[in-house]
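>>> need a structure here:
(4 chains)
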Number of protein chains: 2
Amino acid sequence: MALSHAILALLVLRPMSGYDLAKAFEASVGCFWKATHQQIYRELGKLEEQGWIEAEAIAQTGRPDKKLYRLTGLGLTHLTTWVAEPCEVMPIKEELLIKVFVGGLVPRPVIRQQIEQHRHQHQQTLDRYQRLEAADFSDPRALTPGAKFGYLTLRRGIRYEIDCIAWCNEVLQTIEEMPED
Amino acid sequence: MALSHAILALLVLRPMSGYDLAKAFEASVGCFWKATHQQIYRELGKLEEQGWIEAEAIAQTGRPDKKLYRLTGLGLTHLTTWVAEPCEVMPIKEELLIKVFVGGLVPRPVIRQQIEQHRHQHQQTLDRYQRLEAADFSDPRALTPGAKFGYLTLRRGIRYEIDCIAWCNEVLQTIEEMPED
DNA sequence: TCGCCCATGTAATAAGTTACATGATTCG
DNA sequence: CGAATCATGTAACTTATTACATGGGCGA
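Residues are numbered from 1 along each chain as shown, chains lettered A, B, ... in the order given. Modelled structure (predicted):
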């Protein structure tokens, strides 16, 4: 059910179309939730049924018409109530770790290559996050309270990527120190 | 499809029943994958159909009979082939971050309490991991190559929990420094 | 005697992924 | 002229969650 709340959370910022939401997921909320456009459109339908959001059809010239969704009072109440409810820590699911777990079954270069590739991906994500940090949050003290919370979620993403990279380095060092097969 | 590989990876260690696997998920592999017993039993059926594992019925007295599953040669080949295939970084999904994202909508104690609760959960998980570390990997240099890979996955879990706790502290400090509502 | 451990499963629902489908505009 | 952007959706399928269901043994 958290996808619906992620959508409601984005609609707090401003009314958006499904398309806008899909982009917003990739850009801002992406460091802690992701969704494809198919999921988003399906979910928007449900949210509207429940009265948490309402749609306004916008006719456009030169590009497809769109539906702008905005949060209703009911939706806002629902969201803030949900925020106060206790929630569980969500488990990690990391395919790479299954591969490392059975690393002893394959020649070491196989694992080394996988780790290097992942480290590279994490580095790219980190770069992107740090560009966002520089662009939107260059002076954290000057932020409004609302924006400060946004910054904290980005901080989480940055920390996470840094930690992934550090772990990759730990793995690479360990396998270099291993005796040859 | 990664659940099936997690199961195959565990069966490399030794033949296990569905029940054993469920416990093994909680104990060892839990820091990077989780599965309920319902998922496991369903998946075992599929794996057997494909010939990657085979079952041996074990009649027991005083307790229910069980099925011991062991990896087949085909299963092992499948697993090692899969290990060498490239894989994507898996996204984080963290409900708590959605709540922090809209933290500006609720009184600060609400967020503070959520963060404190999460920090506590992460601390408990970290304690558990560190007990495992002390018990099974007290001298990392003396490990066999196979066990070393197991240790690296546990290291990932430990690092992750430490980082979560550090981020929680960052959030708590930030909200303490905020002006009153 | 109450609840936990062992041991296996079914059924229903929710959530997520992948493929398919359309169609104009704008930029290189 | 081809590719990307804007904009919406359906259908089929795979995964994951939750609830239900059974039943003996064993320790406090």
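>>> for the spatially most central residue of chain A, give me its contacts.
Nearest to the geometric centre of chain A sits A:G30, at 2.3 Å (C-alpha atoms, centre = their mean). When contacts are counted by C-beta atoms under 8 Å, 6 or more residues apart in numbering or on different chains, A:G30 touches B:P91. Backbone N, C-alpha and C define where each C-beta goes, glycine included.
>>> phi, psi of A:P86?
Dihedral pair for A:P86: phi -70, psi 150, per degrees, to the nearest 10.
>>> neighbours around it, how many?
Neighbourhood size, A:P86 [other C-beta atoms under 10 Å in any protein chain shown]: 8.
>>> contacts only, for it.
Residues in contact with A:P86 (C-beta under 8 Å, 6+ apart) are B:Q114, B:Q117.
>>> contact partners of the helix or strand of chain A with the lowest mean pLDDT?
Sorted by mean pLDDT, DSSP states H and E, the helices and strands of chain A end with strand A:53-58, the least confident at a mean of 90. Residues from elsewhere that reach strand A:53-58 (C-beta under 8 Å, 6+ apart): A:7-8, A:11, A:15, A:17, A:44, A:47-48, A:65-72, A:75.
>>> out of these, which are inside helices?
Within the contacts of strand A:53-58, residues falling in helices by DSSP state H are A:I7, A:L8, A:L11, A:L44, A:L47, A:E48, A:G75.
>>> A:E26: which of the residues you listed is nearest?
Of all the ones in helices among the contacts of strand A:53-58, A:E26 sits closest to A:I7, with 13.9 Å by C-beta to C-beta.
>>> got the angle between the longest helix that chain A contains and helix B:145-176?
For chain A, the helix with the greatest residue count under DSSP H is helix A:145-176. Orientation check (axes from the mean of the first three to the mean of the last three C-alpha atoms, to 10 degrees): helix A:145-176 against helix B:145-176 gives 160 degrees.
>>> just checking, what packs against helix A:145-176?
The contact analysis (3 or more C-beta pairs under 8 Å, 6 or more residues apart in numbering or on different chains; DSSP states H and E) places helix A:145-176 against helix A:108-136, helix B:95-101, helix B:145-176.
>>> sorry, back to before: please state the offset of the least confident helix or strand of chain A from the chain centre?
Remark: strand A:53-58 is offset 25 Å from the chain centroid, using C-alpha atoms, centre = their mean, to the nearest Å.
>>> check stretch A:121-131 too.
Using C-alpha atoms, centre = their mean, the offset of stretch A:121-131 from its chain centre is 13 Å.
>>> do the same with stretch A:101-116
28 Å.
>>> any buried residues in it, and which?
Within stretch A:101-116, the residues scored as buried using 16 or more other C-beta atoms under 10 Å in any protein chain shown are A:F101, A:V102, A:G103, A:G104, A:L105, A:V106, A:R108, A:V110, A:I111, A:Q114, A:I115.
>>> dump that stretch to CSV, restricted to CA.
Only the C-alpha atoms of stretch A:101-116 are listed here, as CSV (Å, rounded to 0.1, in the frame of the first residue of the first chain):
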residue,chain,number,x,y,z
PHE,A,101,27.1,-15.8,-1.1
VAL,A,102,27.9,-18.6,-3.5
GLY,A,103,31.1,-16.9,-4.7
GLY,A,104,33.1,-19.9,-3.8
LEU,A,105,31.5,-21.9,-6.6
VAL,A,106,32.9,-19.8,-9.4
PRO,A,107,36.3,-18.5,-10.5
ARG,A,108,37.2,-15.3,-8.7
PRO,A,109,37.2,-13.0,-11.8
VAL,A,110,33.4,-13.7,-12.2
ILE,A,111,32.7,-12.2,-8.8
ARG,A,112,35.3,-9.4,-9.2
GLN,A,113,33.6,-8.3,-12.4
GLN,A,114,30.1,-8.3,-10.9
ILE,A,115,31.3,-6.2,-8.0
GLU,A,116,33.1,-3.8,-10.2
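>>> any idea of the mean pLDDT in the helix or strand that contains A:I40?
If you go by DSSP states H and E, A:I40 is part of helix A:37-49. For helix A:37-49, the mean per-residue pLDDT is 95.
>>> and it, does that touch chain B?
No. Against chain B, helix A:37-49 shows no contacts by C-beta under 8 Å from any C-beta of the partner chain, the least distance being 12.3 Å.
>>> which residues are in contact with that helix?
The list of residues contacting helix A:37-49 from outside it, by C-beta under 8 Å, 6+ apart, reads A:3-4, A:7-8, A:18-19, A:21-22, A:25, A:35, A:53-55, A:69, A:75.
>>> what subset of these is buried?
Buried among those by 16+ other C-beta under 10 Å: A:3-4, A:7-8, A:18, A:21-22, A:25, A:35, A:53-55, A:69, A:75.
>>> about what we covered before: so the longest helix of chain A versus helix B:108-136, what angle?
The directions of helix A:145-176 and helix B:108-136 differ by 10 degrees, with the same axes, to 10 degrees as the criterion.
>>> if we can go back for a sec, nearest to DNA strand C, of the buried ones among the contacts of helix A:37-49?
Using C-beta to the nearest atom of the strand, A:L3 comes nearest to DNA strand C of the buried ones among the contacts of helix A:37-49, at 3.8 Å.
>>> still on that earlier bit, the least confident helix or strand of chain A and DNA strand D, are they touching?
No. Applying C-beta under 7 Å from any atom of the strand, one finds strand A:53-58 out of contact with DNA strand D, separated by at least 7.7 Å.
>>> near DNA strand C at all, that strand?
No. Shown here: strand A:53-58 not in contact with DNA strand C (C-beta under 7 Å from any atom of the strand), separated by at least 14.2 Å.
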